[in-house]
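In: got a predicted structure here, sequence first:
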Amino acid sequence: IVELGLCMTCLGTVVALASENPFVSVNDVTWTELGLNENDSMPIGNGDLAANVWTEQNGDLVLLVAKADAWSELGKLDKLGRVRIHFAPNPFVGTSDFKQILHLEDSSIEIRSGANAVRVWIDANRTVIHVEAQLEHPATMQASLELWRTQTHPWDESSPDRGGLFGMGSHAIPLNFEADTVMPASASQVTWYHFNSSSVYPIVLEQEHLESVLHKYQDPLLHRCFGATLTGPGMVSSDDHTLKSEVPGRSLRLDFIGLTKTGASSPMLWKSDIDSLVEKVNAVPLGTAWAAHQQWWQEFWNRSWVHV
């Protein structure tokens, strides 16, 4: 009984310590200088959305965003796009106390200098990236969408888009790399998508002499539509690629909301679904979402771990 009591006491201590993530936060990564490019990025994600996050010498914050189901017509896992966030005036340039911290305990990235802080986190429970800025002095925030799939072109044309598709070999494929589509901006949103109007799926099965099973399985690539919307409180569109804060402020926020829809007969069905998703995300107070996000990560780290 004594031994059992001691074991239970030890277990209780371990559980209590685990709830405080003592072996997680000690491994947080901290950088003390602005970055140069994507090689100076920190990764975060929720198993669906993921982002490489970095700063550049002018103080810009850049997010390169991926989604686990953003498969193109040629079976390539595409990035959703890149978002460049610019503050004016910038509170992080020319400072001596700059820090960029990857917080493992809650899967967030903090950028800080003095009383200025930006937090980037991907909600563990929703497909949304939140960028929150709390600044000492009022500033404007501008978010610019940067895409590279801007023109449709044939497979046989030399292009960086062919990178990673080594399994295709030198076979001629009668398909195009489709361009992304940027929709006309609304008053407070920037939206874009990629729609697979064709698919390499039947070509691959024919190459493998599996034509007989084509009718048994639905094409997983055809009419798949993926993309995202940029929005945020007090943010207005200045063109189809750009959102900016309507007035300078000390509390600023940008939301990146991603969605993939399979079997979409048209991109307009995807647009209807992402509009509904934006409403659902906005219906949850940010503080409530953050608390639930923290709880998810605490339970994740408490699930099991080995500290060496």
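Out: Cool, got the structure.
In: what's the first-to-last distance across stretch 251-270?
Out: 31 Å (C-alpha to C-alpha, to the nearest Å).
In: can you list the buried residues in that stretch?
Out: For stretch 251-270, a neighbour-count test (16 or more other C-beta atoms under 10 Å) marks 252-262, 264, 267, 270 as buried. Quick note: C-beta positions are derived from backbone N, CA and C, even for glycine.
In: same check, this time on stretch 54-61
Out: 54-56, 59-61.
In: pick out the most distant pair among these.
Out: 54 and 59 (11.8 Å; C-beta to C-beta).
In: between these two, which contacts overlap?
Out: By C-beta atoms under 8 Å, 6 or more residues apart in numbering, residue 54 and residue 59 have no common neighbours.
In: in the sheet, who's paired with residue 84?
Out: Note on residue 84: beta-bridge partners residue 62, residue 144, judged by DSSP bridges.
In: now do the contacts for it.
Out: Counted by C-beta under 8 Å, 6+ apart, residue 84 has contacts 60-62, 143-144, 146.
In: change it to 10 Å
Out: Neighbour list for residue 84: 56, 60-63, 142-146, 242 [criterion: C-beta atoms under 10 Å, 6 or more residues apart in numbering].
In: and if you look at residue 150?
Out: Per C-beta under 10 Å, 6+ apart, neighbours of residue 150: 179-180, 182.
In: how about a cut-off of 7 Å?
Out: residue 179 (C-beta atoms under 7 Å, 6 or more residues apart in numbering).
In: who touches the strand or helix carrying residue 238?
Out: Using DSSP states H and E, residue 238 maps to strand 235-239. With C-beta under 7 Å, 6+ apart as the test, strand 235-239 has contacts from 185-190, 243-246, 254.
In: if you set the cut-off to 8 Å instead, what comes out?
Out: Contacts for strand 235-239 (C-beta under 8 Å, 6+ apart): 141-143, 185-190, 243-246, 253-254.
In: let me see the mean pLDDT of it.
Out: Average pLDDT, strand 235-239: 97.
In: returning to what we had before: any chance of the buried residues of stretch 54-61 in JSON lines, plus distance to residue 291 and pLDDT?
Out: Output for those, formatted as JSON lines (distance: C-beta to C-beta, whole Å; pLDDT from 0 to 100):
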{"residue": "54", "distance to residue 291": "28", "pLDDT": "98"}
{"residue": "55", "distance to residue 291": "27", "pLDDT": "98"}
{"residue": "56", "distance to residue 291": "32", "pLDDT": "98"}
{"residue": "59", "distance to residue 291": "30", "pLDDT": "96"}
{"residue": "60", "distance to residue 291": "30", "pLDDT": "98"}
{"residue": "61", "distance to residue 291": "24", "pLDDT": "98"}
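In: would CSV of those with distance to residue 277 and secondary structure be doable?
Out: Below are the buried residues of stretch 54-61 laid out as CSV (distance: C-beta to C-beta, whole Å; DSSP: H, G, I helix; E, B strand; the rest coil):
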residue, distance to residue 277, secondary structure
54, 27, strand
55, 29, strand
56, 30, coil
59, 31, coil
60, 27, coil
61, 24, strand
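In: which members of the buried residues of stretch 251-270 are the farthest-apart pair?
Out: Longest span within the buried residues of stretch 251-270, C-beta to C-beta: 252 and 262, 34.7 Å.
In: got any ranges where the stretch 1-150 of the chain has weak pLDDT?
Out: By pLDDT under 70, the low-scoring segments of the stretch 1-150 of the chain are 1-21.
In: please enumerate the helices of it.
Out: For the stretch 1-150 of the chain, the helices defined by DSSP state H, counting those that start in this stretch cover 2-19, 22-25.
In: and the shortest one, what's buried?
Out: Yep, that's helix 22-25 we're talking about. For helix 22-25, by 16+ other C-beta under 10 Å, it's 23-24.
In: touching it from outside, list them.
Out: 17, 103-105, 301, 305, 307.
In: recalculate using a threshold of 6 Å.
Out: Residues external to helix 22-25 that are found in contact with it (C-beta atoms under 6 Å, 6 or more residues apart in numbering): 104-105, 301, 307.
In: let's have the residues you listed in CSV, adding neighbour count.
Out: CSV is the format used below for the contacts of helix 22-25 (neighbours: other C-beta atoms under 10 Å):
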residue, neighbour count
104, 18
105, 19
301, 20
307, 10
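In: which one of the residues you listed is nearest residue 225?
Out: Closest to residue 225, out of all of those and judged by C-beta to C-beta, is residue 104, at 33.7 Å.
In: next, that closest one: phi, psi?
Out: The phi and psi torsions at residue 104 (degrees, to the nearest 10) take the values phi -70, psi -30.
In: how about the one 10 residues further on?
Out: Dihedral angles phi and psi of residue 114 (degrees, to the nearest 10) take the values phi 60, psi -130.
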